[in-house]
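Chemist: Need coordinates for the following:
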Amino acid sequence: MQARVLLVSSEAVPLVKTGGLADVITALAVSLRKVGIDASILMPAYPEAVRNLGDTVQIGLKHGLPGGAGRLLRGTIPGTDVPALLLDTARFRQRGANPYVDTDGVEFSDNALCFADLSHAAVAICAGETSLPVPHVVHANDWHAGLIPCLLKLRGLDHVGTMLTIHNLAFQGNFALESAEQIGIPEHLLTGDGVEYWGKLSFLKAGIRFSDCVSTVSKNYAQEIMTPRFGCGMDGILSFRKLDLRAIPNAIDAELWNPADDPLIARNFSVGNMKGKASCKRDLQKLFGLPIDPFAPVMGLGSRMSHQKMADVVIEALPGIMERHPRLQVVILGCGDHDYEAAFLGLAERYRGRIAVHIGYDERRAHALHAGSDMLLHPTRFEPFGLTPLYAMRYGAVPIGSRVGGLVDTVCDADLDPKHATGVLFEGETAADMQHAVARAFVLYSDTERWQSVQRNAMSIDCDWAGPTRAYIEAYAHVADMAVRPLFAARPLAVERPAAQVHAQHERAVSPAAAIAAALAGVVGVPVSVAAA
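Modeler: The predicted model follows:
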């Protein structure tokens, strides 16, 4: 018998992607299956996901869902052996390109009901109410799956272990308390000791409160989220769960993001042979309509155009950066807040031939941006992990990022540790802070020998899924029923790793010392006092 893990997420590549979560879910499932864990993914059946999944088999649900009738569509993630289960409901069928907000950026009014349906479908699988095998562990990801641990406890399904991973604490799934009855949350849990959060019902708090184990995606972020500055109001309950909070860093698909054999870039190159990067710069300039200039420094910016990603500061800082570095070209790829999009397009008009902007996202441009850029600008007010800088480093694009969250763990600052430097980190959120950081990067760039050393370090980072996979399996074994723990412990954990490994960035956090400190008020009958979230 294999250990069975059900990963529940709102998205997964290549079915639907709005951010790094989608990359992580599929890559983790693939990695788990490589080492013998029977991992599958449950997510909503958005129309785009159904189209991208291809052939499916219908699986019935014995009972209805809070939002009405639903069914499961079972298929296989293209290019992998990962089973995918899509929850098909009338509401999910109406979701467009962005499954969370409408074209004006406003959250859909039925988000609570839609994602409650997803959690109830997971519980139905755990209860044996489908023809699918019952998982030994359910791994809920972000607020979209946050109700699962609570619902399992309410139904007494304690034989299924639960784990919640927080990929971004800022997104919490907070809804009106009046929605509780419809989505299956009893009144006695609508308190500070339960799922209530500042007068709202919080899906994320439910997951933090009732899961057997909580994790997040970098060591530094795990510490930050227990502070008022980065805790987004959840620092109290996260501190309450600190013995059960693990830091398991993300990783990247080292085969997909590999300049040595990437089919999406103009010419392949490697840390030992960088000749192809010049061709990739020329391709990037052509793709974005910039003058072909092999000697122009190119700085890429590829992220959501949002307040979190300091779009406002970038817009303010760029004119000064362009004036100080007159040969610099800037390539911007992304989308987000419409006002920010318009401001970036305005800068492209103002600096025609020096700044190029593409609103939207596609894999071809993303790979071209990393392969052709000399530097990557990645400012952020908070950053759980930071996949984009890792992609950039793999392609020799040196990151210039904020000294927050996972970036502290993955980017080694050139001034703090010149020998192992992989980029430039900066404090602060002002245009001057950003301009100074870019100037520091240009000092490096002007010293060819030192710049090439930083590039080599960056391209040689250990960023594959072997270490994180072992850490997740340890966590699964910790929360699984005692009878099935040997299924996890006996798994062969050796995963192929890249030959080049430097700067151990993926150090695991200490295993938690205990499970939930006290039982659930009204569920098990033992009252608990939790710090107000």
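Chemist: As a check, name the ranges of all helices in the stretch 301-450 of the chain.
Modeler: Along the stretch 301-450 of the chain, the stretches classed as helices by DSSP state H, counting those that start in this stretch are 311-324, 338-350, 363-372, 387-394, 405-410, 431-446, 448-459.
Chemist: which other residues reach the second one?
Modeler: Judged by Cβ atoms under 8 Å, 6 or more residues apart in numbering, the contacts made with helix 338-350 from elsewhere in the structure are 105, 305-306, 311-312, 315, 318-319, 332, 335, 355-357, 359. For the C-beta atoms, the positions are set from N, CA and C on the backbone; glycine is no exception.
Chemist: before we move on, back to that, show me the one of the helices of the stretch 301-450 of the chain that comes nearest residue 187.
Modeler: Closest approach to residue 187 among these (Cβ to Cβ): helix 405-410, 36.8 Å.
Chemist: Check which helices and strands that closest one is in contact with.
Modeler: When contacts are defined as 3 or more Cβ pairs under 8 Å, 6 or more residues apart in numbering; DSSP states H and E, helix 405-410 packs onto helix 219-224, helix 387-394.
Chemist: Distance from the chain centre to the helix or strand following the first one, please.
Modeler: For helix 219-224, the following helix or strand on the C-terminal side (DSSP states H and E) is helix 235-240. Relative to the chain's own centre, helix 235-240 is displaced by 21 Å; criterion: Cα atoms, centre = their mean, to the nearest Å.
Chemist: what do you get for stretch 360-380?
Modeler: Distance of stretch 360-380 from its chain centroid, counting by Cα atoms, centre = their mean, is 17 Å.
Chemist: distance between the ends of that stretch?
Modeler: End-to-end distance of stretch 360-380 (Cα to Cα, to the nearest Å): 19 Å.
Chemist: And stretch 325-339, by the same measure?
Modeler: 26 Å.
Chemist: So for it, mean pLDDT?
Modeler: For stretch 325-339, mean pLDDT rounds to 95.
Chemist: do stretch 109-119 as well
Modeler: Per-residue pLDDT values over stretch 109-119 give a mean of 97.
Chemist: centre of the chain versus that stretch, how much separation?
Modeler: 21 Å.
Chemist: what comes into contact with that stretch?
Modeler: Contacts of stretch 109-119 (Cβ under 8 Å, 6+ apart): 8, 10, 42-44, 65-67, 70, 87, 89, 91-92, 95, 100, 108, 140, 143-148, 151, 173, 175-176, 179, 182-184, 201, 203.
Chemist: hang on, the earlier thing: reformat the contacts of helix 338-350 as CSV; add neighbour count and distance to residue 475.
Modeler: Output for the contacts of helix 338-350, formatted as CSV (neighbours: other Cβ atoms under 10 Å; distance: Cβ to Cβ, whole Å):
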residue, neighbour count, distance to residue 475
105, 11, 35
305, 24, 34
306, 17, 30
311, 24, 35
312, 17, 37
315, 17, 41
318, 27, 42
319, 15, 47
332, 26, 38
335, 18, 34
355, 25, 44
356, 20, 43
357, 20, 41
359, 16, 39
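Chemist: Would you reformat the residues you listed as a markdown table and include distance to residue 257?
Modeler: Converted to a markdown table, those look like this (distance: Cβ to Cβ, whole Å):
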| residue | distance to residue 257 |
| --- | --- |
| 105 | 29 |
| 305 | 22 |
| 306 | 23 |
| 311 | 24 |
| 312 | 29 |
| 315 | 28 |
| 318 | 27 |
| 319 | 32 |
| 332 | 20 |
| 335 | 21 |
| 355 | 26 |
| 356 | 23 |
| 357 | 23 |
| 359 | 23 |
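Chemist: Farthest pair within the residues you listed?
Modeler: Using Cβ to Cβ, the contacts of helix 338-350 reach their maximum pairwise distance at 105 and 319, which is 26.4 Å.
Chemist: who touches the helix or strand bottoming out on mean pLDDT in the chain?
Modeler: Lowest mean confidence among the helices and strands of the chain (mean pLDDT, DSSP states H and E): helix 485-489, at a mean of 92. The contact list for helix 485-489 (Cβ under 8 Å, 6+ apart) reads 1-3, 37, 136, 473, 476-477, 480.
Chemist: coming back round to it: any idea which of the helices of the stretch 301-450 of the chain gets closest to residue 217?
Modeler: Nearest to residue 217, of these and by Cβ to Cβ, is helix 405-410 at 6.5 Å.
Chemist: Please identify the buried residues of the closest one?
Modeler: 405-410 (16 or more other Cβ atoms under 10 Å).
Chemist: rewinding a little: list the buried ones in the least confident helix or strand of the chain?
Modeler: In helix 485-489, counting by 16+ other Cβ under 10 Å, buried: 485, 487-488.
Chemist: Let me have the buried residues of helix 405-410 in CSV, extended by pLDDT and distance to residue 460.
Modeler: Listed next are these as CSV, based on pLDDT from 0 to 100; distance: Cβ to Cβ, whole Å:
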residue, pLDDT, distance to residue 460
405, 97, 23
406, 97, 19
407, 98, 18
408, 97, 19
409, 96, 16
410, 96, 13
